[in-house]
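Asks: Sequence and computational prediction follow.
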Amino acid sequence: MPYAPGTRRRRTPLRRVLWAMLAACALADCGSSLRPFRLLVEVHVAARANQNSPIPVTLLAIYDQKLFQQLSEMSAKQWYEQRDQLRRDFPSGDAFTEWEWEFVPGYTPPPAVVEIPRNANALVFANYRSPGPHRIRLGPHQRIRIDLDGEDLSVTTLEAMESSR
């Protein structure tokens, strides 16, 4: 209801606190840590990668720190053997989110964009036939290139590739 001309609204302590909180959020950009960041993922698959066999690749965004510690010690083979049980153990998606692909040697797929929450840690697993961990932890980058070579994978930030040219 509008106030009559010449009258002033009372400033209550609660109203002052609310305005102060709103101003602080505007200055500190509250909620920005919860907004996901977009990650551009380019993939290059070598012509004879994985003994000329398709390579399953999983990108994980992990929100639970204990689960991240557990997964960061797993090899890709262990991840692919245990992932169905992990999906049953964490069914709601509160612990991790996954993106899965399978790449054929010699094929260059179009780039993919995934949204990863800022409070998540990220891992990439590639299920090679050769022994090895075939796991890489991702940093907070905006653009990466996953190279699926003959026997292992590597990740390069596209910013680093462009600056070295």
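Replies: Perfect, thanks for sending it.
Asks: Rank the helices and strands of this structure by mean pLDDT and give me the bottom one.
Replies: Among the helical and strand segments of the chain, the one scoring lowest on mean pLDDT, DSSP states H and E is helix 13-28, with a mean of 52.
Asks: which regions of the chain lie under the pLDDT threshold?
Replies: Residues of the chain that meet the criterion pLDDT under 70 lie in 1-34, 160-165.
Asks: Go ahead and flag the most central residue of it.
Replies: When CA atoms, centre = their mean is applied to the chain, the residue found nearest the centroid is residue 116 (3.6 Å).
Asks: That residue: what's it in contact with?
Replies: 36-37, 39, 61, 97, 122 (CB atoms under 8 Å, 6 or more residues apart in numbering). (Each C-beta comes from the backbone N, C-alpha and C, glycine too.)
Asks: quick one, what contacts the residue nearest to it when sequence neighbours are not counted?
Replies: In space, residue 116 comes closest to residue 61 once its chain neighbours are excluded; the distance is 4.6 Å by CB to CB, 6 or more residues apart in numbering. Under the criterion of CB under 8 Å, 6+ apart, the contact list for residue 61 reads 96-98, 114, 116-117, 120-122.
Asks: residues near residue 137, how many?
Replies: A count of neighbours around residue 137, defined by other CB atoms under 10 Å, yields 12.
Asks: picking up where we left off before, ok, the residue nearest to the centre of the chain to residue 134 distance?
Replies: In this view, residue 116 and residue 134 are 20 Å apart by CB to CB, to the nearest Å.
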